[in-house]
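Asker: when you get a sec, could you give me coordinates for this:
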Amino acid sequence: MNIDLRLKIDTGDQSDILPDNLYKKIFPEHMTQEDKVKEGILTPSDVILTAYGGTRIPQLGKTTITGTHKGETIKCSFYVARTKGPAILGLNTCQKLNIVSINGEVKAAPSRIDRYAYQRPTTNHK
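Answerer: Next up is the predicted model:
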């Protein structure tokens, strides 16, 4: 089954997150009559997910979904979480799918203040 899933790209996130309401829509066969995920479907996880401000995000476990973007296909591990909002694709998966790349080159340039401080003659006041 192929499903188009819109994801929020969050390069500050280390994990891929799938809200439980989306999980239920994608995998209705994994749900019980009481609208809970059937036992043994999700991989248990003791990872503690936190939002930007430090708020904990309750999670139900992990699932693996095969994802394709512009011809790149990989298996993505999503935490199924009790949260509102979009599904989130974190930095690692974004890199694997060539959605983002990291340029690791960092150069430091002296500031104008540093340059002038080094060029001033030293004086001794007695």
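Asker: ok, the residue lying closest to Lys70 once chain neighbours are set aside - how many residues close by?
Answerer: If the residues on either side of it in the chain are set aside, Lys70 comes closest to Asn98, at 7.2 Å by Cβ to Cβ, 6 or more residues apart in numbering. To be clear about C-beta, it is placed using only N, CA and C from the backbone, and glycine gets the same treatment. Other residues lying near Asn98 total 11 when counted by other Cβ atoms under 10 Å.
Asker: quick one, grab the pLDDT at Asn98.
Answerer: The model reports Asn98 with a pLDDT of 86.
Asker: got the residue ranges for the strands in this protein?
Answerer: If you assign secondary structure with DSSP state E, the strands in the chain sit at 7-10, 16-19, 49-50, 56-57, 59-69, 72-81, 87-90.
Asker: surely the residue nearest to Lys70 touches Gly71?
Answerer: No. Between Asn98 and Gly71 no contact is recorded; they are 9.2 Å apart, counting by Cβ atoms under 8 Å.
Asker: centre-most residue in the protein?
Answerer: Gly90 (2.1 Å; Cα atoms, centre = their mean).
Asker: count the residues that sit near Ala65.
Answerer: Small correction: residue 65 is Ile, not Ala. The local packing of Ile65 (other Cβ under 10 Å) involves 17 other residues.
Asker: test my guess that it contacts Ile74.
Answerer: No. Ile65 is beyond contact range of Ile74, at 9.8 Å (criterion: Cβ under 8 Å).
Asker: who are the neighbours in contact with the closest residue to Ala51 other than its chain neighbours?
Answerer: In space, and not counting its chain neighbours, Ala51 is closest to Ile57: 5.9 Å by Cβ to Cβ, 6+ apart. Applying Cβ atoms under 8 Å, 6 or more residues apart in numbering, we find Ile57 in contact with 17, 49-51, 81-83.
Asker: top of these by neighbour count?
Answerer: Ile17 (23 neighbours).
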